[in-house]
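**Student:** Sharing a model prediction with you, sequence too.
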Amino acid sequence: IPLTFDNPLLSLNALAAPGGDILGNGVIFPAAIVMGDGIIDKLLDMGLGANGPDFVHAHEYAHQVQFDLGVYNDANAPPSPIDTRDKELMADAFSA
C-alpha cells in the first residue's frame, strides 16, 4: 500500500492488496501483503508468537489467491455482510 507504511491504523491489522492501478493514476503497484507491527506484538503477547504470524500471513496469502481466481471481481457491488463473511471464511479455509 503506497504511502501508508507508517499509518497507525494499520498497525494492529494485516491486509492483502491486489496490486495494479489501485490509486487510479496509472502507476502499477505489485500485489502486497502488509502486516503491522501491532499485530505481531499482540500475537506475541497472547503467546502465539511462534506460529501466529505464519497463520495470519497464510490467511492474507489466501486473499491473493482469491484475487487471482476472480473472487473479488464484483468491485462495483457494495460488499454485504454475507459476502464479506464468505470471502473471509474462504480465506481461512485456503490458509488451513
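**Tutor:** It's in. Bear in mind the structure is a predicted one, so any value in this text is a computation, not a measurement.

**Student:** Count the neighbours of residue 54 for me.
**Tutor:** By the criterion of other Cβ atoms under 10 Å, residue 54 has 12 neighbours. C-betas here are computed from N, CA, C, even on glycine.

**Student:** Go ahead and confirm residue 36 touches residue 13.
**Tutor:** Yes: Residue 36 is within contact range of residue 13, at 5.5 Å (criterion: Cβ atoms under 8 Å).

**Student:** For these two, indicate the residue with more neighbours.
**Tutor:** Taking other Cβ under 10 Å, residue 36 and residue 13 do not tie; residue 36 has more neighbours (18 against 13).

**Student:** With adjacent residues omitted, what lies nearest to that one?
**Tutor:** residue 11 (3.9 Å; Cβ to Cβ, 6 or more residues apart in numbering).

**Student:** Check that neighbour and give its pLDDT.
**Tutor:** You'll see residue 11 listed with a pLDDT of 79.

**Student:** quick one: it and residue 35 touch, right?
**Tutor:** No: here residue 11 lies out of contact with residue 35, judged by Cβ under 8 Å, at a distance of 9.7 Å.

**Student:** Quickly find the element holding residue 38.
**Tutor:** helix 37-45 (DSSP states H and E).

**Student:** residues in contact with the next helix or strand along the chain from that helix?
**Tutor:** Sequence-wise, the next helix or strand downstream of helix 37-45 (DSSP H and E) is helix 52-69. Residues outside helix 52-69 that contact it (Cβ atoms under 8 Å, 6 or more residues apart in numbering): 14-16, 18-19, 31, 33, 35, 39-40, 43-44, 46, 72, 87, 90-95.

**Student:** now these: which count as buried?
**Tutor:** 14, 16, 18, 33, 35, 39-40, 43, 87, 90-91, 94-95 (16 or more other Cβ atoms under 10 Å).
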